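**Q** could you look at this predicted model? Sequence included:
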Amino acid sequence: MKFMKLGSKPDFFQTDGDNIRYVATELATDLVVNVGDVKFYLHKFPLLSKSARLQKLVATTNENSDEIHIHDIPGGPAAFEICAKFCYGMTVTLNAYNVVATRCAAEYLEMYETVEKGNLVYKVEVFLNSSIFRSWKDSIIVLQTTRSLLPWSEEVKVVSHCLDSIASKASIDTSKVEWSYTYNLKKLPSDNGNEHWNGVGKQQVVPKDWWVEDLCGLQLDLYKRVINIIKTKGKLSGDVIGEALKAYSTRRLSGFSKGMIQGGDVIKNRSLVETVIHLLPAGSVPCSFLLKLLKAAISLECGEMEKSELISKIGQQLDEATVSDLLIQAPTEEALMYEVDIVQNLIEEFVTLDRSAQTDPSMEAEFQEIRSPRFLSDTSKVKVAKLVDGYLTEVSRDPNLPASKFVRLAEMVSNFSRPTHDGLYRAIDMYLKEHPGISKSERKRICKLMDCRKLSTDACMHAVQNERLPLRVVVQVLFFEQIRASASGGNSTPDLQGSIRALLPGGSHGSSRSTTTNTEEDWDAVPTAEEIKALKGELATLRLGDANRGVGNDRNANHGATNNSEKVAASKMKGLLMSKKIFSKLWSSKERNGEITSSNTSESPGSTSTNAEETKSTRSRSRRHSVS
């Protein structure tokens, strides 16, 4: 720490109790100065020779009185004592902790060069400019002391000089940083095991965010001004400024790192969160930090403008988020467990940006300049789609989540192509499990979100055994698994009769979300246990046959090609016949329960009559077994 000594005479100031100060000399005092509740017994000549204000006060006092009062001097009795000692020529030491109070008190007492050469104002200014403002840590200490001395510290420009000094040093090229600073050594990269520190003689690569921890001790108003000046200088990247705001938030908000603000002054915490939101450059911090800010903003009831600004920033980086990041707890008085509407706004923001970029290429280029080039890429969209699937799985556990909200969230990313719908199936299954009482129309809307053609083989096996899925979905799953197995074996799509094809989306070739003309009873129909067993066996046969063909091809790549082809064809034909039999069986089951309209009856499989005895054994219905 820098310091400066003024004066050379011994310190003759004495104390009598807590409220009396006097100068122990042979010459009797002739002036009493009341500063607050402290009395100073002093001599007129040394004080009046350097202070124009004291001259005026003495001149205006009663001739019979030698007592004056100054209650509003900045720095109080301690600062006045330093000024008084300077007037006597006694030794005083100025440092970063008392220099601002001394400067403001000297200004108040009008201790200028016009009163006497080499006066206190001049001396303090020299010390500030030659030492304090050139020191990194001293500038920060001085800036912290200015808050208790407002507005005097502002008027004498100490605050502005400190701010500029700190901002200039933070913006300097890291190769020119030679002063001591605080930094978490765990962040520093190892250099062949050598010790890293910022002492003399130790060479290290100075990190770009070397300054962020030292500024965390500043109060919010001063911190905000420093960051704004740093941003104005334009020499630091947004990432470094974002790192500074992250460090400040974590240090000043208790529990912030865990996503829950604990204690503290609510008004101050709210102001801090709102300020950080406004200061954050676009794309400067990870999405997880932004979502912690959002959780804090919600719990602290920040303004709608700040929350909207934060939602906009999160929407631009939503592909970086995780499911746990999005699980924002709703207030206890709310019916839902999580803030689903806010997450819907985040997804809407991402979808809107994607839509805007598609219609306005210049906007896409602008966003790519702000963020990484992958912002609107297909990879980002797939990540967001998977994120929504995972989020839906978690919030589906809430028994109060309406089906409309579930469907709305899923539909928002329905245009984002993803290689598999396993995640969406998992979410649908969880919702059906936790909401068994939903209506047929709601069940239909939810199940039509899923494309059965994009389920993996394992998901298909699970779906066929899932007692919560409607019959239509089960048939679709098995059909598309049959198509997949047929394609891998080089055969064409199975030729199903019209009554079976009616259960499939768009005549067996459309999307599973297509609108069909069938009645809704088949969405609630449930196959029998024997039918389920047959479906499982069919899937297992398809998988085993496909695996055997692969092994056979590897082992006999150059031998027995003709025999293998014949075996594959025979196995495939058997599988197709079995599938037709199962589908016909399912359809005849629906006929027995009056679930086929008259328009479809004429298309019922012909095999129904030939299997009459077999269908009798499956007349009684039983629930399907679920492995979820």
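**A** Thanks, I have it. Numbers count the residues shown, from 1 in each chain.

**Q** pLDDT (mean, whole number) over the helix or strand harbouring residue 353?
**A** Element membership of residue 353 [criterion: DSSP states H and E] is helix 340-359. Helix 340-359 comes out with an average pLDDT of 83.

**Q** who are the packing partners of that helix?
**A** Under the contact criterion of 3 or more CB pairs under 8 Å, 6 or more residues apart in numbering; DSSP states H and E, helix 340-359 touches helix 304-316, helix 361-370, helix 378-395, helix 403-412. Glycine gets a C-beta too; all of them are placed from N, C-alpha and C.

**Q** got the buried residues for that helix?
**A** Of all the residues in helix 340-359, those buried under the rule 16 or more other CB atoms under 10 Å are 340, 342-343, 345-347, 349-351, 353-354, 357.

**Q** same deal with stretch 434-453?
**A** For stretch 434-453, a neighbour-count test (16+ other CB under 10 Å) marks 435, 438, 442-453 as buried.

**Q** got the CA coordinates for stretch 268-283 in PDB?
**A** The C-alpha trace of stretch 268-283 is given here as PDB (Å, rounded to 0.1, in the frame of the first residue of the first chain):
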ATOM      1  CA  LYS A 268     -30.700  -5.000  -2.600                       C
ATOM      2  CA  ASN A 269     -30.700  -8.500  -4.100                       C
ATOM      3  CA  ARG A 270     -33.400  -7.600  -6.600                       C
ATOM      4  CA  SER A 271     -31.500  -4.500  -7.600                       C
ATOM      5  CA  LEU A 272     -28.300  -6.500  -8.100                       C
ATOM      6  CA  VAL A 273     -30.000  -9.100 -10.300                       C
ATOM      7  CA  GLU A 274     -31.700  -6.500 -12.400                       C
ATOM      8  CA  THR A 275     -28.400  -4.600 -12.800                       C
ATOM      9  CA  VAL A 276     -26.500  -7.800 -13.800                       C
ATOM     10  CA  ILE A 277     -29.200  -8.600 -16.400                       C
ATOM     11  CA  HIS A 278     -28.800  -5.100 -18.000                       C
ATOM     12  CA  LEU A 279     -25.000  -5.300 -18.000                       C
ATOM     13  CA  LEU A 280     -24.600  -8.700 -19.600                       C
ATOM     14  CA  PRO A 281     -23.400  -8.600 -23.200                       C
ATOM     15  CA  ALA A 282     -25.200 -11.000 -25.500                       C
ATOM     16  CA  GLY A 283     -23.800 -14.500 -25.600                       C
END
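
**Q** give me the contacts around it.
**A** For stretch 268-283, the external contacting residues (CB atoms under 8 Å, 6 or more residues apart in numbering) are 220, 224, 227-228, 231, 238, 241-242, 245, 248-249, 252-253, 261, 290, 293, 296-297, 300-303, 306, 309-310, 313, 316-317, 370-372.

**Q** tell me the mean pLDDT for it?
**A** On average, the pLDDT along stretch 268-283 is 93.

**Q** please apply the same query to stretch 146-159.
**A** Mean pLDDT, stretch 146-159: 95.

**Q** tell me how the protein divides into domains.
**A** 1-134, 321-357+376-452 (the TED database).

**Q** just the terminal-to-terminal distance for the shortest one.
**A** Distance between the boundary residues of domain 321-357+376-452 (CA to CA, to the nearest Å) amounts to 27 Å.

**Q** figure out how far that domain is from the centre of its chain.
**A** The chain centroid and the centroid of domain 321-357+376-452 are separated by 19 Å under CA atoms, centre = their mean, to the nearest Å.

**Q** swap in the longest one?
**A** Chain-centre distance of domain 1-134: 53 Å, with CA atoms, centre = their mean.

**Q** and the domains of the chain as JSON lines, adding distance to residue 159?
**A** Formatted as JSON lines, those follow (distance: least, CB to CB, whole Å):
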{"stretch": "domain 1-134", "distance to residue 159": "9"}
{"stretch": "domain 321-357+376-452", "distance to residue 159": "39"}
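
**Q** which one of those lies nearest to residue 469?
**A** The closest of the domains of the chain to residue 469 is domain 321-357+376-452. By CB to CB, the value is 6.8 Å.

**Q** so where's the stretch 251-400 of the chain uncertain?
**A** 354-376 (pLDDT under 70).

**Q** go again with 80.
**A** Low-confidence segments of the stretch 251-400 of the chain (pLDDT under 80): 259-260, 262-263, 332-334, 353-377.

**Q** then the chain?
**A** Of all residues in the chain, those with pLDDT under 80 make up the ranges 17, 26, 62-65, 184-204, 259-260, 262-263, 332-334, 353-377, 481-628.

**Q** isn't residue 387 right up against residue 324?
**A** No. Using CB atoms under 8 Å, residue 387 is not in contact with residue 324, being 10.8 Å away.

**Q** compare the two (neighbour count), which wins?
**A** Using other CB atoms under 10 Å as the criterion, residue 387 and residue 324 rank with residue 387 on top: 24 against 12.

**Q** ok, residues contacting stretch 36-52?
**A** For stretch 36-52, contacts defined as CB under 8 Å, 6+ apart pick out 18-23, 25, 27, 29-34, 54-55, 58, 71, 76-77, 80-81, 83-84, 86-89, 109-112, 114-116, 119-120.

**Q** change it to 7 Å
**A** Contacts to stretch 36-52, defined as CB atoms under 7 Å, 6 or more residues apart in numbering, come from residues 19-23, 27, 29-33, 54-55, 58, 71, 76-77, 84, 87-88, 109-112, 115-116, 119-120.

**Q** so which of those belong to helices?
**A** Judged by DSSP state H, helices contain the following of these: 54-55, 58, 76-77, 84, 87-88, 120.

**Q** which among these count as buried?
**A** Buried members of those, counted by 16+ other CB under 10 Å: 54-55, 58, 76-77, 84, 87-88, 120.

**Q** so what's residue 329 closest to, chain neighbours aside?
**A** Distance criterion CB to CB, 6 or more residues apart in numbering; nearest residue to residue 329, sequence neighbours excluded, is residue 338 at 6.5 Å.

**Q** my bad, residue 77
**A** In space, residue 77 is closest to residue 38, 4.2 Å off (CB to CB, 6+ apart).

**Q** run through the bridge partners of the one you found.
**A** residue 35 (DSSP bridges).

**Q** can you give me the distance of it to residue 32?
**A** For residue 38, the distance to residue 32 equals 11 Å [CB to CB, to the nearest Å].

**Q** over to residue 154?
**A** 32 Å.

**Q** those two: which is more packed in?
**A** It is residue 32, of residue 154 and residue 32, that has more neighbours when counted by other CB under 10 Å, with 16 against 13.

**Q** how many neighbours does the closest residue in space to that one that isn't next to it in sequence have?
**A** Leaving aside its sequence neighbours, residue 32 sits nearest to residue 67 (CB to CB, 6+ apart; 4.2 Å). Neighbourhood size, residue 67 [other CB under 10 Å]: 12.
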